[in-house]
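Dropping the sequence and predicted coords here.
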Amino acid sequence: MTGFTSDEAAACRRLVELALAEDLGATGDRTSLALIPADQTGEAAFVARTAGVVAGLPAAHLICSSVDPALRFTPVLVDGSPVERGTTLATVSGPLRSILAAERTALNFLQRLTGVASLTRKYVEAAAGFRAKILDTRKTTPGWRLLEKYAVRMGGGTNHRLGLHDGILIKDNHLAGLGDDIPKAIAAARDFPGNAGLPVIVEVDTLDQLDAALPCGPEVVLLDNMTADMMRTAVARRDAVSPQTLLEASGGVNMVTVRDIAATGVDRISVGALTHSATALDIGLDYQS
């Protein structure tokens, strides 16, 4: 079971606390309390209903232990594993009331994160054979960013900057206030106190803007909504002027276009859909005994 980083684990604990509070309220699972004897135990299995890539087993484990430390959560797979319909992901055993109390919240986390990982894997496979990495964006569910970016990694994708605090991304709205002066913007970003060592990414949507950015040697130039022909030209110009600069394609990326974009020779392709449009994978909890 691939583990969270310490920051991801902390984020998960906060989300689990909120999720359990909204589901169990102050009284707990009234149905199970009324119907299930307190001493009854059981076992259930988390089972994939459709094919995909699993992610979120550490979250499900945390949820079960938060509901009741007596629950035993046993992963069968590790996050990042491909699954088929009918694959068992993990089992949980212990007091049946507690299993039922944890069920919906654990499934919500597993289904969401597995959905992100599964969609990411589709994009990664579509771009296979080219050097382009598939990246996520900041288009994440509020509060879920660390976990969703974890799921992207489990699907074989690469994380972009986490937020506004750990990278410089100069976009069109920033440039508008500087008269579209890209060299000035790059210099100002690098010179600002505390920015030393942070990667500088500058967004361009024309080849003229690219020509203005490359002599400044930014770490990344983001090619926004460019055609495939423009991207191929951008790669050639980058190779001639600033070969250490990475080129990232953004905008208009979907399962139909991603392979053609990768074929242009760009280094990175950022895909907002990985997190803002992933469909939850169908996973169920099947009672065993």
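Great, that's in hand. From a predicted model like this one, the values you see are computed outputs, not experimental measurements.

those helices in this structure, which residues are they?
Along the chain, the segments classed as helices by DSSP state H run 6-24, 30-35, 57-67, 96-126, 145-154, 172-176, 182-191, 207-213, 228-241, 258-262, 273-276.

Pick out the shakiest of these, pLDDT-wise.
The minimum mean pLDDT among the helices of the chain belongs to helix 172-176 (a mean of 91).

Packing partners of that helix?
In terms of contacts (3 or more CB pairs under 8 Å, 6 or more residues apart in numbering; DSSP states H and E), helix 172-176 is packed against helix 182-191. In this view, the C-beta of every residue, glycine as well, is placed from N, C-alpha and C.

Can you name every helix or strand that the helix it packs on contacts?
Under the contact definition 3+ CB pairs under 8 Å, 6+ apart, helix 182-191 sits against strand 168-170, helix 172-176, strand 200-204, helix 207-213.

circling back: please identify which of the helices of the chain is closest to Val200.
Closest to Val200 of those is helix 182-191 (CB to CB; 5.5 Å).

want to throw the helices of the chain into a markdown table with distance to Ser250 and mean neighbour count?
Listed next are the helices of the chain as a markdown table, based on distance: least, CB to CB, whole Å; neighbours: other CB atoms under 10 Å:
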| stretch | distance to Ser250 | mean neighbour count |
| --- | --- | --- |
| helix 6-24 | 25 | 15 |
| helix 30-35 | 48 | 12 |
| helix 57-67 | 29 | 24 |
| helix 96-126 | 13 | 23 |
| helix 145-154 | 15 | 25 |
| helix 172-176 | 12 | 12 |
| helix 182-191 | 17 | 17 |
| helix 207-213 | 13 | 18 |
| helix 228-241 | 11 | 15 |
| helix 258-262 | 10 | 21 |
| helix 273-276 | 12 | 22 |
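
So what's the residue count around the closest residue to Ile186 other than its chain neighbours?
Take Ile186 and drop its neighbours on the chain: the residue closest to it by CB to CB, 6 or more residues apart in numbering is Cys216, 4.5 Å away. Cys216 has 18 neighbouring residues, counting by other CB atoms under 10 Å.
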